[in-house]
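Undergrad: can't give you the sequence, but here's the structure:
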C-alpha cells in the first residue's frame, strides 16, 4: 500500500448558510489549522498514513475540534460545497493583509480562488515512477472531479456547472505540459520562475502535480488537486481508494503510461494528450458523471460514469489483494445516486431554494461527522 494524506479546505458559516470569516481566530486557537488568503475558509492536513481506518479518524477529529471551537465563538458551523454558494463572491476578505503573496493572489485572481477543495497526496518516492504517475492521473483527473463535484451554486444561483469551482479556477500557468521526466519538470519549473509565470514553487495550480519538501528537486508524492470538497469522509476515502488502486496498478505495470500506450499520433502525442485532458476537465466541471469524455488511449468518447465503472472493475482485485477493497464501495453509491452537486441540483429542480438546499447539506454533514466520531474513532483510539 501507499501512504496517503489529505489537505482539506472548508468554509465556516452560520447554520443559515452565510459564510463568515473566522480563520484568524481559528488558526490562533487550534493547532493544525492554517489560514487561506481569504478568511472565510481554513485548511487542515492529515498526516500521511497507510491504513484507511486511521485516515478516517484523521479526517474527522480535526473537524470535530473545529466545530467545538466554533460553538464557543457563537452560533457557527461548517458548510459543505466548494464555492460561495449563497453569496459573497463580490469581495475578497483577507486573512493576512500584510502577506505579499496573498496580495498578489487577490489582485491577480480575485475571488475565483476563494474556493474549498480536497487535495489528495499519495506517497511515491521513486522519481520517474512519480512522473509517470502524474502523467497517468493528469489524463484521468476529470474522473475524480466527476466523483467529487460539489459546487453547482454561486451567489444563490445555479451556474450551469456541477463544479463551478473548477470551471472558474485560474489554472496556473495557463499551459502545463506532460512532464516526460523529472529533469523535464525541474527545467520547466525553473523557466516558469524566471519568467514570472510562477511566483514560487507552490504556484503550480494544475489538476495534479508532483510534490515534496524541496520542489522541484526533492519530490516524494503525487498531489491530486482537482477534487471539490467532499463533505462525507467515507465517500472521500472511496475516491482515495480508487486513486491508490490505480497507482498501485501503475507501479506493477510501468507500461501503463499515456506517452507509451496512447494510440494518438506519435509526433504530436504529448500536446494532443494535454489538449484532451484540458477539454475533459472542462466537460467534467460542467456535467460531472454525465460528462462525455475522450479516452486518452484512443480518443474514443466515453461517459465519465462508464469510465469510472471500468476502472472500478479493473482495480477491484488490486484493492482486495492490498486489503482495502471495502473502501471502494461508496463509489457505487455515488455512481448510482449522484455526487453532491447532482443531488443538490435535483432538490433545486424540485422547487427547493438554494439556501434551503445548503442548509440541509450543513445538517447532513454535521450528522455524518457525529456518527463517525461515535462509531469509529472512539473504539479505534481505545
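TA: It's in. Computed from a prediction, not measured in an experiment: that's the story for all the values here. Numbers count the residues shown, from 1 in each chain.

Undergrad: show me the contacts for the nearest residue to residue 362 once chain neighbours are set aside.
TA: Setting aside the residues directly before and after it, residue 362 is nearest to residue 79 in space (C-beta to C-beta, 6 or more residues apart in numbering), at 5.4 Å. All C-beta atoms are positioned from the backbone trio N, CA, C, and that covers glycine. Taking C-beta atoms under 8 Å, 6 or more residues apart in numbering as the criterion, residue 79 is in contact with 10-13, 17, 19, 85, 358, 361-362, 365.

Undergrad: how far away is the residue nearest to the spatial centre of the chain from residue 290?
TA: Against the mean C-alpha coordinate of the chain, by C-alpha atoms, centre = their mean, the closest residue is residue 227 at 2.4 Å. Using C-beta to C-beta, to the nearest Å, one gets 18 Å for the distance from residue 227 to residue 290.

Undergrad: so how far is stretch 158-169 off the chain centroid?
TA: Computed by C-alpha atoms, centre = their mean, to the nearest Å, the separation of stretch 158-169 from the middle of its chain amounts to 14 Å.

Undergrad: contacts for it?
TA: Here stretch 158-169 makes contact (C-beta under 8 Å, 6+ apart) with 82-83, 112-113, 115-117, 145, 148-154, 205, 226, 228, 281-282, 284-288, 339, 341-342, 345, 348, 354.

Undergrad: Run through the helices of the chain in chain order.
TA: Ranges of helices within the chain are 23-29, 52-73, 100-109, 127-148, 164-168, 182-195, 233-252, 258-261, 269-287, 304-321, 330-337, 340-349, 354-372, 378-381, based on DSSP state H.

Undergrad: so who does the nearest residue to residue 49 once chain neighbours are set aside touch?
TA: Among residues not flanking residue 49 along the chain, residue 55 sits closest, at 5.5 Å (C-beta to C-beta, 6+ apart). Contact partners of residue 55, counting by C-beta under 8 Å, 6+ apart, are 4-6, 46, 49, 237, 240.

Undergrad: now swap in residue 62 and tell me
TA: For residue 62, the residues meeting the contact criterion (C-beta under 8 Å, 6+ apart) are 8, 30, 32-33, 44, 46.

Undergrad: need those in CSV with distance to residue 92 and neighbour count, can you?
TA: CSV is the format used below for the contacts of residue 62 (distance: C-beta to C-beta, whole Å; neighbours: other C-beta atoms under 10 Å):
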residue, distance to residue 92, neighbour count
8, 22, 23
30, 24, 16
32, 25, 14
33, 20, 20
44, 22, 22
46, 28, 21
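
Undergrad: still on that earlier bit, select from the helices of the chain the stretch with the lowest mean pLDDT.
TA: The weakest mean pLDDT among the helices of the chain belongs to helix 378-381, with a mean of 46.

Undergrad: picking that back up, can you tell me which of the contacts of residue 62 lies closest to residue 198?
TA: Residue 198 has its nearest neighbour among the contacts of residue 62 in residue 8, at 24.4 Å by C-beta to C-beta.

Undergrad: For stretch 299-308, which outside residues touch it?
TA: By C-beta under 8 Å, 6+ apart, the list of residues contacting stretch 299-308 reads 140, 142-143, 146-147, 242, 263-264, 276, 283-284, 287-295, 331, 335.

Undergrad: If any of those residues are buried, put those into a PyMOL selection.
TA: Here is the PyMOL command that picks out the buried ones among those, judged by 16 or more other C-beta atoms under 10 Å:
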select buried, resi 140+142+143+146+147+242+264+276+283+284+287+288+289+291+293+294+295+331+335
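
Undergrad: Bridge partners for the nearest residue to residue 133 once chain neighbours are set aside, pull those for me.
TA: Leaving aside its chain neighbours, residue 133 sits nearest to residue 222 (5.1 Å; criterion: C-beta to C-beta, 6+ apart). Per DSSP bridges, the residues bridged to residue 222 are residue 122, residue 210.

Undergrad: again with residue 294
TA: Here residue 294 sits in beta bridges with residue 301, going by DSSP bridges.

Undergrad: so who does it touch?
TA: The contact partners of residue 294, taken as C-beta under 8 Å, 6+ apart, are 276, 279-280, 300-302.

Undergrad: Over to residue 157?
TA: Residue 157 is in contact with residue 354, counting by C-beta under 8 Å, 6+ apart.

Undergrad: Near residue 6, how many residues? Count them for me, please.
TA: As a burial measure, the neighbour count of residue 6 was computed by other C-beta atoms under 10 Å and equals 22.

Undergrad: rewinding a little: in strands, which of the contacts of residue 62 appear?
TA: Counting by DSSP state E, the members of those that fall within strands are 8, 33, 44.

Undergrad: For these, give me a markdown table that also has pLDDT and distance to residue 94.
TA: As requested, the ones in strands among the contacts of residue 62 are exported to a markdown table (pLDDT from 0 to 100; distance: C-beta to C-beta, whole Å):
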| residue | pLDDT | distance to residue 94 |
| --- | --- | --- |
| 8 | 98 | 21 |
| 33 | 98 | 17 |
| 44 | 98 | 20 |
